[in-house]
Each structure stands twice: as C-alpha cells, then as structure tokens.
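Enquirer: Please find the sequence and the predicted model below.
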Amino acid sequence: MLTVEQNQNLQRHGEPYLLGYSEDEELRLRKQAEELRHESAWLFDRIGLAPGSRAVDLGCGPQGVLDLLSERVGSTGHVIGIERDRDSVAIAKRFVADRGLKNVDVIQGDATATALPTALFEFVHARLVLVNVPWVEAIVREMVRLVRPGGVVASYEADYLPHLCDPPLQAWDRLFEIFQRYASSNGIDLFVGRRTHRLFREAGLVDIEVKPAIHVYPHGHNRRVVFWDFLQNVRDRVLEQELITESEFDGLTTELKEHLNRPDTLVVSHLFFQVWGRKPI
C-alpha cells in the first residue's frame, strides 16, 4: 500500500508510470519492442497459445507484443491491448492499422481495473509493467480476474540488482541512488522481478514457471544507454522533488554518457524474469 507521501507524489505528477510519457520514451518503447521480440516470441511458443484464443496485452504502450499475439491467435482469435496513456493508445492504433492486424483492438484503460469481462480470456500478458508502476498487487489480481479457468497469466519483468557497468563508475552509482529514491517515493519497486512468482502464487495461480534472462551490452549495442535514457525521462521530476541539484545531475549524466561511449565499457542488463502460471479450473 502506498504511503501518504507516495500518493501525494502521484497526484502532483499525474502519472504513475515511472518513466513518463515523452516522445523520447515512446520511441524507446517502440525500439524495445523489437529488441525483446525474440524472448517474447519464445514465451508465447512455450505456452502454446492456440489459434482462436482471446488474449490481452496489459500496458501495451505504443506497440507492446500486439503483433506477436495477433500472429498466434490467428484470424479466429482476438487480441486486446490495454494502455493508460491516450497518446500511446493513438500510436498503438496506428501500429495496428499499418500492420493490418484485423484481430487486434487497443483500448484506453487502467491496468488495475480494465472493465473487461471476467474470465473471458485464454491468455493475459504484461511486459515491464510492474517494474514501472505502483499497485502491482492490484494489477496481478486484475490479470487473474480476466483469465478464464485453465488459462494462463504471464509476465516479463525486470529486477535492477545486476544492472551495472564495468569498469565501475561513481557517477553511475550516485545516479542510481537518486533514481531508486525517486522510484521509491512514488511507490515503485525496482526489484519486483524477483517476487513476481510470489505475486502470482498469492493471486491464486498454479503450475508457475520461471525463466531468467540477462544480457551484456558491448560498445555499439542499442540498449547500453538505457539507464541514461531513463535518467533523461525523469530529470524534471527528480529536480522538482529536490533529490539532487540541477548542476550535479547534469554533470553526472554527462560523465555517464562519456563512460558509455568508451569502447572498453561493458554494461550488464537488468535481470529479467519471464513468469507464467495457470488459473485453476
């Protein structure tokens, strides 16, 4: 449950999503959809999503996995993308139209209360949602409510524990300290990945499986600057909350970007958890 201070922060900023809704963040999310495409495809194939299934992509953003789900449920199936931000919904609808995904609809809605029918869907999915928003228990409960008995709930979540660079950099450590304080003040758990399996069990799912994934980002890799991107997204709100001075923040992020541009710097990704479970019959 959020504290009074966390609720005040959310009310003041008007957006529970950790990284905000800027144009840069929309672009990052669309790139991310392609970068994580292979792992999401593996998960859907492992689960065995059948043609004719009804599926939900919760927190789909501007693209999510709508095309991957569309391909697997086929012309007799149906996919619904749920997204809170109006601009992201519009972008996702254009994506669906441009790809000719006639079995996909995108709806603006709240992940904690989608207003979709209970127990209608064979598959409910969320990717990198819980690590970026508060109220994770309510979101998991909503996912379980939507899926029919015998259906599957699945998530792809991050845990910041191993996210680091080598050679080490004090600027990275200081900026992560600030980033973590900002997240915590808004009720967001950067380490939720490790407990997603527990959230699923507590919500009543059974036959839970977990597959971890971790990557390294050498020089030239698209995702090696993801932490710097995150920091730019939250800059204004971090400064507004007076977690750091503007001069220190700008100096540290400049130092970080220079370090990431060095060919001998290696970046280790978050620890990702693919977790899925079945709703009992």
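Expert: Sure thing, it's come through.

Enquirer: all contacts plus neighbour counts: C-alpha atoms, from now on.
Expert: Fine.

Enquirer: show me where the protein has strands.
Expert: 54-58, 78-83, 104-108, 121-127, 147-159, 164-166, 206-213, 216-217, 266-268, 271-278 (DSSP state E).

Enquirer: Distance to L256 added to the ones you listed, as TSV?
Expert: Formatted as TSV, the strands of the chain follow (distance: least, Cα to Cα, whole Å):
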stretch	distance to L256
strand 54-58	33
strand 78-83	32
strand 104-108	36
strand 121-127	27
strand 147-159	21
strand 164-166	10
strand 206-213	25
strand 216-217	15
strand 266-268	12
strand 271-278	21
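
Enquirer: Setting aside sequence-adjacent positions, which residue approaches L116 most closely?
Expert: Leaving out its chain neighbours, the residue that sits closest to L116 by Cα to Cα, 6 or more residues apart in numbering is L146, at 7.1 Å.

Enquirer: picking that back up, tell me which of the strands of the chain is the most buried.
Expert: strand 54-58 (a mean of 27; mean count of other Cα atoms under 10 Å).

Enquirer: Near E242, how many other residues are there?
Expert: E242: 11 surrounding residues under other Cα atoms under 10 Å.

Enquirer: Use 387 as the first number from now on
Expert: Yes, from this point I'll number from 387; that puts the last item at E628.

Enquirer: ok, it to N572 distance?
Expert: Distance, E628 to N572, using Cα to Cα, to the nearest Å: 14 Å.

Enquirer: before we move on, the earlier item: let's have the strands of the chain in a markdown table, adding distance to D484 and mean pLDDT.
Expert: Formatted as a markdown table, the strands of the chain follow (distance: least, Cα to Cα, whole Å; pLDDT from 0 to 100):
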| stretch | distance to D484 | mean pLDDT |
| --- | --- | --- |
| strand 440-444 | 18 | 98 |
| strand 464-469 | 16 | 98 |
| strand 490-494 | 12 | 97 |
| strand 507-513 | 22 | 97 |
| strand 533-545 | 26 | 97 |
| strand 550-552 | 38 | 97 |
| strand 592-599 | 31 | 97 |
| strand 602-603 | 31 | 95 |
| strand 652-654 | 35 | 97 |
| strand 657-664 | 29 | 98 |
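
Enquirer: Figure out which of those strands is closest to A478.
Expert: strand 490-494 (6.9 Å; Cα to Cα).

Enquirer: So which of the strands of the chain is nearest S633?
Expert: Comparing those under Cα to Cα, the one sitting nearest is strand 550-552, at 23.1 Å.

Enquirer: Could you tell me how far the closest one lies from the centre of the chain?
Expert: Chain-centre distance of strand 550-552: 22 Å, with Cα atoms, centre = their mean, to the nearest Å.

Enquirer: same deal with stretch 518-535?
Expert: 14 Å.

Enquirer: cool, stretch 589-599 as well?
Expert: 17 Å.

Enquirer: Same check on stretch 436-453?
Expert: On Cα atoms, centre = their mean, the centre of stretch 436-453 falls 14 Å from the chain's centre.

Enquirer: buried residues in that stretch?
Expert: Judged by neighbour count (16 or more other Cα atoms under 10 Å), stretch 436-453 contains these buried residues: 437, 439-453.

Enquirer: go on, stretch 478-487?
Expert: For stretch 478-487, by 16+ other Cα under 10 Å, it's A478, K479, F481, V482, L487.

Enquirer: what mean pLDDT does it have?
Expert: The average pLDDT within stretch 478-487 is 96.

Enquirer: Dump it to CSV, keeping only the CA atoms.
Expert: Below are the C-alpha coordinates for stretch 478-487, written out as CSV (Å, rounded to 0.1, in the frame of the first residue of the first chain):
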residue,chain,number,x,y,z
ALA,A,478,-0.7,1.7,-30.9
LYS,A,479,-3.9,2.0,-33.0
ARG,A,480,-1.8,3.4,-35.9
PHE,A,481,0.6,0.5,-35.5
VAL,A,482,-2.3,-2.0,-35.6
ALA,A,483,-3.7,-0.3,-38.7
ASP,A,484,-0.4,-0.1,-40.5
ARG,A,485,0.3,-3.8,-39.9
GLY,A,486,-3.2,-4.8,-40.9
LEU,A,487,-3.9,-6.6,-37.6
